[in-house]
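Asker: compute the structure for the input listed below.
(one chain, ligands or ions: 1)
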Amino acid sequence: MVSEVQAEVDGAQGRAWRERHGWELELAAGRGRLDVPVARELLAALVDGIRGAGGGVARWRVPTATTEHARAASDAGFDGRRRLVRLDRPLPAPPPEPALATRPFVPGADDDEWLRVNRAAFHWHPEQGIWTHEELRARIAEPWFDPEGFLLHPDGPPGSPVHGFCWTKVHDDVDPAVGEIFVIAVDPERAGSGLGRRLVLAGLAHLAGAGLGHAMLYTERDNAPAMALYESLGFSLHHEVQVFTRDVTR
Ligand SMILES: CC(C)(COP(=O)(O)OP(=O)(O)OC[C@H]1O[C@@H](n2cnc3c(N)ncnc32)[C@H](O)[C@@H]1OP(=O)(O)O)[C@@H](O)C(=O)NCCC(=O)NCCS
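Answerer: Numbers count the residues shown, from 1 in each chain. Now for the predicted structure:
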């Protein structure tokens, strides 16, 4: 199966690589210049390559995108409506009030129940809501995975019902290391009762306890509940990422 497609236009380079739910795209000036006509041509060439490799959803994620990025993407048939934001805050944060009982995720025992809550809470999300056992297992196998930073509430035995979770991730490839709220959700049947706020604070307390001085996360800009929650917890905008998307069918 072809897993990578490359393109070159006047020294500038494009690359697309297969991910679990489609293709990620990247453009670089290389030895050339990445102006609108060149970017448009690179995107068109990558789309052709992806089509030849069987198709799928193509995503070009651009941090702090300009009108030039938007023009090139739109000319190449990409939709730029999806926007992510990276939000940051210093650590420590105040502890959850009242305190929240959590326990670490237990691989194997908690997979089914975690996937149920994840699917229900993210049913609207183009990538997160369609996670499978395979995808979860792949993340668990990553070197950064730490069950101690994957908090489930309540603190019942392994495999017991989950009302909400906060999965954190430590990025120690940057200096100083940064803690991420990687995925957080509350079972929709229990939403709106203060659990989400306490779960984020429990995740932040875990990261601060691990010695981190800074937290970050990504969320969809139009996720109103999440944006309101993070802003009220003192997160502020670091930068925006525009996700230019095109469904490439055969
Ligand atoms: C975001 C989420 C975790 C919030 O959990 P929750 O338990 O419902 O939230 P809480 O009851 O703790 O509310 C905390 C704050 O969130 C905001 N909020 C929660 N629901 C909201 C809604 N429907 N509309 C607007 N703001 C909302 C409010 O600011 C609220 O504070 P307030 O009660 O003082 O007004 C939950 O909605 C969820 O699981 N959503 C789906 C998954 C998701 O989007 N995760 C975040 C992705 S980065």
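Asker: which residue does this protein have closest to the ligand?
Answerer: Closest residue of the chain to the ligand, Cβ to the nearest ligand atom: G196 (2.0 Å). Glycine gets a C-beta too; all of them are placed from N, C-alpha and C.
Asker: quick check: that residue is in a strand.
Answerer: No. Per DSSP: H, G, I helix; E, B strand; the rest coil, G196 lies outside any strand segment and is helix.
Asker: right, and the helix or strand after the longest helix belonging to the chain?
Answerer: If you go by DSSP state H, the chain has its longest helix at helix 36-52. As assigned by DSSP states H and E, the chain's next helix or strand after helix 36-52 is strand 56-63.
Asker: paired strands for that following strand, with orientation please.
Answerer: For strand 56-63, the paired strands and their directions (DSSP bridges) read strand 22-28 (parallel), strand 236-248 (antiparallel).
Asker: out of those strands, indicate the one that is most buried.
Answerer: Stretch with highest mean neighbour count among those: strand 22-28 (a mean of 19; mean count of other Cβ atoms under 10 Å).
Asker: name the residues that touch that strand?
Answerer: Residues outside strand 22-28 that contact it (Cβ atoms under 8 Å, 6 or more residues apart in numbering) are 5, 12-17, 34, 39, 42-43, 46, 50, 56-61, 248.
Asker: got a quick ChimeraX command for the buried subset of those?
Answerer: In ChimeraX, this line selects whichever of the contacts of strand 22-28 come out buried by 16 or more other Cβ atoms under 10 Å:
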select :5,12,13,14,15,16,34,39,42,43,46,50,56,57,58,59,60,248
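Asker: and the ligand, which of the contacts of strand 22-28 reach it?
Answerer: Among those, none lies close to the ligand by the criterion of Cβ under 6 Å from any ligand atom.
Asker: does the ligand have contacts with the strand or helix carrying L152?
Answerer: Element membership of L152 [criterion: DSSP H and E] is strand 150-153. No. Counting by Cβ under 6 Å from any ligand atom, the ligand has no neighbours in strand 150-153; the shortest distance is 10.3 Å.
Asker: about what we covered before: check which helices and strands the longest helix of the chain sits against.
Answerer: For helix 36-52, the packing partners by 3 or more Cβ pairs under 8 Å, 6 or more residues apart in numbering; DSSP states H and E come out as strand 4-9, strand 12-19, strand 22-28, strand 56-63, helix 67-75, strand 236-248.
Asker: got CSV for those, with mean pLDDT too?
Answerer: Converted to CSV, these look like this (pLDDT from 0 to 100):
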stretch, mean pLDDT
strand 4-9, 98
strand 12-19, 97
strand 22-28, 97
strand 56-63, 98
helix 67-75, 98
strand 236-248, 98
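Asker: out of the ones you listed, flag the one nearest P147.
Answerer: strand 12-19 (24.3 Å; Cβ to Cβ).
Asker: any residues of the chain in contact with the ligand? List them.
Answerer: Near the ligand, when you scan the chain using Cβ under 6 Å from any ligand atom, you find 121-122, 184-186, 191-197, 219, 223-226, 228-229, 232.
Asker: centre of the chain to the longest helix of the chain, how far?
Answerer: Mean-position distance between helix 36-52 and its chain equals 25 Å (Cα atoms, centre = their mean, to the nearest Å).
Asker: so what touches that helix?
Answerer: 2, 5-10, 12-16, 23, 25, 27, 32, 56, 58, 60, 68-69, 71-73, 75-78, 246, 248-250.
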